[in-house]
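Participant: Can you look at this prediction? I've put the sequence above it.
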Amino acid sequence: MDKNGEFFLGTILTFVGDLLKTAFIDGGLDPTSKNARQNAWRDFDPSAQWSPTNKAWKIDWGDVRKELTKWGSWQKGATPFEYFLEFKSKLLSTERIQSTIGKVFAHYQNLKGNVEKVGYYQDRTIIRVKDDAFDGYSGVSWGEYVFGEDIAMNHRDVGHDVDLFAHEFSHTYQSRISGTLYLFKYGIPSAVFQDKAEKDANYRAYKNFGIQPFGDPMKANRLKWWEYSFSSVLWPFMWMWN
């Protein structure tokens, strides 16, 4: 059972939804056609890689897996202060807010039929979605969950979009060090296309993977000691200068 008391809740709900869909929409209980019933239940296989239930299980397992693997990976090129914050994040789960949003968003995309593949890299869950699944953007990162259209599963998965993987995964490095401040330090500035958060993600991508995503500019925008120290006052305004 995870820290929120939810034991694979997304998997259970997806299984129930898939079961009801097979029974009442796909013809599983159709009294007029034996062939319709047979075909519907033949296609109902929660263990199959393509099934929504299987993908939901992988999404939920990613949350559990993180707790088992989080101490085995540390970002490269961080400052001593950032390593301290990353240690604190691993110890106290300071990413929980954005990771919970990411988990819910992942299940939402899965229920919509947009999820093509779920994989893992380090202690993160990578979710490849269909082309045009997102409106106006190709990728997003929420805590331990990384999403993208045709996104690579890791930086060596050259058959898919490695640049997108490197960029979006590097937002998770920002999340690790900033914890509950992530949305205001990096998330909101990134969403409104302010350059500092995006350049910082590219900088961290280069430091960790040797990749400069899409050839875009790179520049570190580290969480400063005074932003952290006075965060209880500064957090509502932090996005303005980042």
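Facilitator: The structure has been received and is ready for your questions. Remember, predicted model here, so these are calculated numbers, not experimental data. Residues are numbered from 1 along each chain as shown.
Participant: all contacts plus neighbour counts: C-alpha atoms, from now on.
Facilitator: OK.
Participant: Pop out the phi and psi values for the residue with the largest distance to the centre of the chain.
Facilitator: Distance from the centre of the chain peaks at Thr32, with 43.8 Å (C-alpha atoms, centre = their mean). Thr32 adopts backbone torsions of phi -100, psi -10, taken as degrees, to the nearest 10.
Participant: What of Lys55?
Facilitator: The phi/psi pair for Lys55 (degrees, to the nearest 10) is phi -70, psi -40.
Participant: Now for Pro213: which residues touch it?
Facilitator: By C-alpha atoms under 8 Å, 6 or more residues apart in numbering, the contact set of Pro213 is 163-164, 166-167, 202, 205-206.
Participant: which one among those gets closest to Thr22?
Facilitator: Leu164 (35.3 Å; C-alpha to C-alpha).
Participant: okay, now the closest one: neighbour count?
Facilitator: Look at Leu164: counted by other C-alpha atoms under 10 Å, it has 22 neighbours.
Participant: which residues touch it?
Facilitator: So Leu164 contacts 139, 148, 151-152, 213 (C-alpha under 8 Å, 6+ apart).
Participant: if we go to 10 Å?
Facilitator: Applying C-alpha atoms under 10 Å, 6 or more residues apart in numbering to Leu164 gives the contacts 138-140, 147-152, 155, 170, 213-214.
Participant: any idea which element it lies in?
Facilitator: helix 162-178 (DSSP states H and E).
Participant: List the buried residues in that helix.
Facilitator: 162-178 (16 or more other C-alpha atoms under 10 Å).
Participant: Contacts made by the very next helix or strand once past that helix with the rest, please.
Facilitator: Downstream of helix 162-178, the first helix or strand assigned by DSSP H and E is helix 182. Outside helix 182, the residues that touch it by C-alpha under 10 Å, 6+ apart are 94-95, 97-98, 142-143, 171-172, 174-176, 188, 223, 235, 238-239.
Participant: which one among the residues you listed gets closest to Trp71?
Facilitator: Of these, the one sitting nearest to Trp71 (C-alpha to C-alpha) turns out to be Arg176, at 12.0 Å.
Participant: before we move on, the earlier item: let's have the contacts of Pro213 in CSV, adding distance to Ser73.
Facilitator: As requested, the contacts of Pro213 are exported to CSV (distance: C-alpha to C-alpha, whole Å):
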residue, distance to Ser73
Asp163, 21
Leu164, 20
Ala166, 16
His167, 18
Asn202, 19
Ala205, 15
Tyr206, 17
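Participant: now for the residues you listed, which pair is the farthest apart?
Facilitator: Top of the distance list for those (C-alpha to C-alpha): Leu164 and Tyr206, 12.5 Å.
Participant: list residues touching both of the two?
Facilitator: In contact with both Leu164 and Tyr206: 170, 213, using C-alpha under 10 Å, 6+ apart.
Participant: all helices in this protein, in order from the N-terminus.
Facilitator: 9-24, 34-42, 52-69, 80-92, 96-111, 162-178, 182, 188-191, 195-209, 225-229, 231-234 (DSSP state H).
Participant: Just want the phi and psi numbers for Gly143.
Facilitator: phi 60, psi -120.
Participant: what's the pLDDT at Gln194?
Facilitator: Predicted confidence (pLDDT) for Gln194: 76.
Participant: hang on, I meant Asp26
Facilitator: Asp26 is given a pLDDT of 89.
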